[in-house]
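In: Sequence plus predicted model, see below.
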Amino acid sequence: MRIRLFLAATALAVLGCSSVLDVSPTSSIPAETAITDIFGARTALVGAYQALQSGSYYGESFVNFTEVASDNALKSGTLTNFADADANSLRADNSEVASMWNAAYDAINRANELIQKVPALTGVDQTERDEILGEAYFLRALHYHNLVRLWGGVPLRLEPAATAAEAASITRSTSAEVYTQILSDLSNAEQLITNDEQTRQASLGAAYALEARVRLYQQDWAGAEAAAAKVEGMGYVLAPDFADLFDASGSDTPEDIFRITFTPVQYNLVGYYYLPRGLGGRWEAAPTSSVITAFDPASGGSGTNYHPTDERGIFSVARTGGRNYTPKFDTSIGDEDVHVIRLGEVILIRAEALAHLNRLPEAVAEYNRTRVRAGLTADPTTGRTQADVLASISRERRLELAFEGDRWPDLVRTGDAITVMGLTPQQTLFPIPQREIDTAKGITQNPGY
């Protein structure tokens, strides 16, 4: 059964306030009465998806702030939080870091409510019950992977916090433990979700795609390749034109796997933070000379002499009024959908896994698909070393996924944050927000903070 969530009326307000350890505020629907029937479950699922729209999550920070921490974007405005990210000198009291942490745990709490309450509902169609549960497991897996990518091992909260005292007793889990839970949740999602068509809710294809991403981060090359191959066998194809992926109309493309809907009412701030003031934005982040050179080596890193032959470069870097900016999200209204995962990334996941498995001709043929779509000539599939192919894939990921929030985690997982950006190991993890350290004495801080 397909549940059209974004046509529902009002979301369940199971909000997380200022800390993962806070219980639900009094203005929200009481947890014990919120999910008592299928209508409550449907509404709660709407709320679980709306958590992704937070300006501290995919509505801005998780997309933009992480790019500023990488070599793709620099701080161009006045926000001191962005300046700290640009200098890779984050502090435990950085409010942007805290807001991302809180947004992810708020979203986890919403998923936990569903996972706890839905199995006990009576008189519910089993197919719909399974679909709701499967999507909740997928969402929880997504949130925990986003957390572990930025902070390493984090507290595993698998049930809604009943009391503040109970929540305050939580401790950090190791990265390995978090990954074990993520894969368990994805396994549940893959067994329960049957819909393989929807793109604005979790589908079976989205579950396999996220599994491929997770296994890539674990360096489980065979597992990543197998999961990515499953996705490719499900009928997704690359959008013929790269521009179609970022069409402000929000039209679906055959490449979409999971994207978040935004409207002029439920808007995002991604483009607003990237666009210059003359285009209606506030220009807090701008492309670096490094990424400009990656798209157009002849430019010398200057937007004044920028003529990329790569179509993706046209949608990643532009210049107006003497300022370089990112036009990938090209309206300050914020009604463009944001991709959580799409086929272009899955193809590059599979290519990287194949390269690590030393299946080099297959790896090159795989990543050539995104190169050719971008208007570039295909790279030769023979006479290449593994190191050469992996370097090409890394560059291809940077160009394909520029300004979509993937560059910083990529730099960290591959070690390039240290070897390319010259950072210390301590700088590759975000600090645990100081409020969490103060509230739950069992949560230890990351080294260097």
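Out: Looks like it arrived, so ask away.
In: Run through the stretch 101-250 of the chain and note the low-pLDDT ranges.
Out: 162-165, 167 (pLDDT under 70).
In: Could you rerun that using 80?
Out: Across the stretch 101-250 of the chain, the ranges flagged by pLDDT under 80 are 161-168, 248-250.
In: Which residue is the nearest non-sequential neighbour of residue 295?
Out: Spatially, and ignoring its direct neighbours in sequence, residue 295 is nearest to residue 313 (3.4 Å; CB to CB, 6 or more residues apart in numbering). For the C-beta atoms, the positions are set from N, CA and C on the backbone; glycine is no exception.
In: elements contacting the helix or strand encompassing that neighbour?
Out: Using DSSP states H and E, residue 313 sits within helix 311-314. Under the contact definition 3 or more CB pairs under 8 Å, 6 or more residues apart in numbering; DSSP states H and E, helix 311-314 sits against helix 386-400.
In: ok now do the spatially most distant residue from the centre of the chain, which residues does it touch?
Out: Going by CA atoms, centre = their mean, the residue of the chain most distant from its centre is residue 123, 35.7 Å out. Contact analysis of residue 123 by CB atoms under 8 Å, 6 or more residues apart in numbering lists 37-38.
In: what about the residue nearest to residue 295, how many residues close to it?
Out: 22 (other CB atoms under 10 Å).
In: isn't it right up against residue 297?
Out: No: with contacts counted by CB atoms under 8 Å, residue 313 stays clear of residue 297, the gap being 10.8 Å.
In: Can you tell me the closest non-neighbouring residue to residue 266?
Out: residue 53 (5.5 Å).
In: Identify each buried residue in the longest helix anywhere in the chain, please.
Out: Longest helix in the chain, counting residues (DSSP state H): helix 126-151. Residues of helix 126-151 classed as buried: 128-151 (neighbour count, 16 or more other CB atoms under 10 Å).
In: Stretch 247-265 too?
Out: 253, 255-262.
In: how near is the most centrally placed residue in the chain to residue 117?
Out: The centre of the chain sits closest to residue 340, judged by CA atoms, centre = their mean, with a distance of 5.2 Å. Relative to residue 117, residue 340 is positioned 25 Å away (CB to CB, to the nearest Å).
In: residues near the nearest residue to residue 449 once chain neighbours are set aside, how many?
Out: Nearest non-adjacent residue to residue 449, counting by CB to CB, 6+ apart: residue 431, 4.0 Å away. Using other CB under 10 Å, residue 431 is surrounded by 22 other residues.
In: for residue 431, what are its contacts?
Out: By CB under 8 Å, 6+ apart, the contact list for residue 431 reads 90-92, 94, 97, 445-446, 449.
In: what about 10 Å?
Out: 90-94, 97-98, 101, 151, 437, 445-449 (CB atoms under 10 Å, 6 or more residues apart in numbering).
In: So which of those residues sit within helices?
Out: 97-98, 101, 151, 437.
In: Can I have the buried ones of the residues you listed as a PyMOL selection?
Out: Only the buried entries of these go into this PyMOL selection, using 16+ other CB under 10 Å:
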select buried, resi 97+98+101+151+437
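In: which among the ones in helices among the contacts of residue 431 gets closest to residue 381?
Out: Using CB to CB, residue 151 comes nearest to residue 381 of those, at 38.7 Å.
In: any idea how far the closest one lies from residue 383?
Out: Residue 151 is 42 Å from residue 383, by CB to CB.
In: Check residue 310 too.
Out: For residue 310 relative to residue 383 (CB to CB), the value is 23 Å.
In: Work out the gap between the helix holding residue 313 and the centre of the chain.
Out: Relative to its chain's centre, helix 311-314 lies at 21 Å (CA atoms, centre = their mean, to the nearest Å).
In: Equivalent analysis for stretch 69-77, please.
Out: 18 Å.
In: Report the buried residues of stretch 346-357.
Out: Neighbour counts over stretch 346-357 (16+ other CB under 10 Å) mark 346-356 as buried.
In: can you redo those as JSON lines with distance to residue 158?
Out: Converted to JSON lines, those look like this (distance: CB to CB, whole Å):
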{"residue": "346", "distance to residue 158": "28"}
{"residue": "347", "distance to residue 158": "33"}
{"residue": "348", "distance to residue 158": "31"}
{"residue": "349", "distance to residue 158": "27"}
{"residue": "350", "distance to residue 158": "31"}
{"residue": "351", "distance to residue 158": "34"}
{"residue": "352", "distance to residue 158": "31"}
{"residue": "353", "distance to residue 158": "29"}
{"residue": "354", "distance to residue 158": "34"}
{"residue": "355", "distance to residue 158": "35"}
{"residue": "356", "distance to residue 158": "32"}
